[in-house]
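**Q** coords please:
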Amino acid sequence: MTLGNLTIFAQLIVAISVLFVWVFRFHNVEKEFKQFGLSITIRSAVGAAKIALATLLLVGLCQPCYVFYSAILMGFFMLSAQYFHFKLKNPLTQRIPSFIFLSLCVFIALQSYCS
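**A** Below you'll find the model as predicted:
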């Protein structure tokens, strides 16, 4: 498997996972944002942004110019999730998904920047 194929695979994993969580697992999102002490307005803005960025990562499969900034911004959201999980001293099992997605976003951004 080439590096380009790994990047495409990473884009698919991040985009589909984010869309799945924000569309089909929204009850978990609601619970986490309440736990974080964030408002419904913030949750809605984050959700809209993450869905848009996930869509742009998918569009980036055909139009690579969208990938770098989408990956950077999605990575920022994953870094923010890490901050809130750390602040609340959540167990490692709750921190792992956003850490994996943060790592994938960094990989995607580096690959799209360098190619």
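
**Q** Which pLDDT value goes with the most centrally placed residue in the chain?
**A** Among the residues of the chain, the one closest to the centroid is residue 74, at 4.5 Å (CA atoms, centre = their mean). pLDDT, residue 74: 98.

**Q** That one: what's it in contact with?
**A** By CB atoms under 8 Å, 6 or more residues apart in numbering, the contact set of residue 74 is 14, 18, 50, 53-54, 57, 101, 105. Any C-beta I mention is one placed from the backbone N, CA and C, and that applies to glycine too.

**Q** mind putting those in JSON lines, secondary structure included?
**A** Formatted as JSON lines, those follow (DSSP: H, G, I helix; E, B strand; the rest coil):
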{"residue": "14", "secondary structure": "helix"}
{"residue": "18", "secondary structure": "helix"}
{"residue": "50", "secondary structure": "helix"}
{"residue": "53", "secondary structure": "helix"}
{"residue": "54", "secondary structure": "helix"}
{"residue": "57", "secondary structure": "helix"}
{"residue": "101", "secondary structure": "helix"}
{"residue": "105", "secondary structure": "helix"}
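
**Q** Let's have these in CSV, adding distance to residue 86.
**A** Formatted as CSV, these follow (distance: CB to CB, whole Å):
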residue, distance to residue 86
14, 21
18, 20
50, 20
53, 22
54, 24
57, 25
101, 16
105, 18
